[in-house]
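Peer 1: Output the structure for:
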Amino acid sequence: MKKVEIFTDGACSGNPGPGGWGAILRYKETEKEISGGEKLTTNNRMELLAVINALKLLKEPCEVALYSDSQYVCNALKLGWAKKWKENNWMRNKKDKALNPELWDELLALYDKHKVEVNWVKGHAGHSENERCDRLAVAETQKFL
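Peer 2: Numbering: from 1, shown residues only. Below you'll find the model as predicted:
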């Protein structure tokens, strides 16, 4: 399996509000930057879309080291929360619906195709790739302001 590093970040001006996401994919010495945004969204949706869009670019199953500053994304994947939400018909518990089920469903399908190691990084703490992804995400957000 090819070993790929993926760095992601999402941003939102207001929550909800205009948002953007950015990702860097690295395979050996090759890097690709991608980004996108939406006029009215949430920070968590942008964090999810960053990971989804990065994983969509992989043409075959890979070993992926995923780096995100989103505890929402990292914990839901690493601790199995998202899979449990899906098993429970997108309910977090008996009363509360899981948010963004369509994005989680898409992400889980992609996640299962690869061997993903999820790594949480502290945001805005000088991690160079996270800072770059943040700049990409914020630039996308600015397009809607």
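
Peer 1: what residues are up against the most centrally placed residue in the chain?
Peer 2: The centroid of the chain falls nearest to residue 51 when counting by CA atoms, centre = their mean (3.0 Å). Contacts of residue 51 were listed using CB atoms under 8 Å, 6 or more residues apart in numbering, and they are 6, 8, 23, 66, 68, 73, 107. Glycine gets a C-beta too; all of them are placed from N, C-alpha and C.

Peer 1: now those residues as JSON lines including secondary structure and pLDDT?
Peer 2: Shown next, in JSON lines, are these (DSSP: H, G, I helix; E, B strand; the rest coil; pLDDT from 0 to 100):
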{"residue": "6", "secondary structure": "strand", "pLDDT": "98"}
{"residue": "8", "secondary structure": "strand", "pLDDT": "98"}
{"residue": "23", "secondary structure": "strand", "pLDDT": "98"}
{"residue": "66", "secondary structure": "strand", "pLDDT": "98"}
{"residue": "68", "secondary structure": "strand", "pLDDT": "98"}
{"residue": "73", "secondary structure": "helix", "pLDDT": "98"}
{"residue": "107", "secondary structure": "helix", "pLDDT": "98"}
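
Peer 1: out of those residues, who has the most neighbours?
Peer 2: Using other CB atoms under 10 Å as the neighbour criterion, residue 8 leads those with 32 neighbours.

Peer 1: Tell me the bridge partners for that residue.
Peer 2: Here residue 8 sits in beta bridges with residue 23, residue 68, as judged by DSSP bridges.
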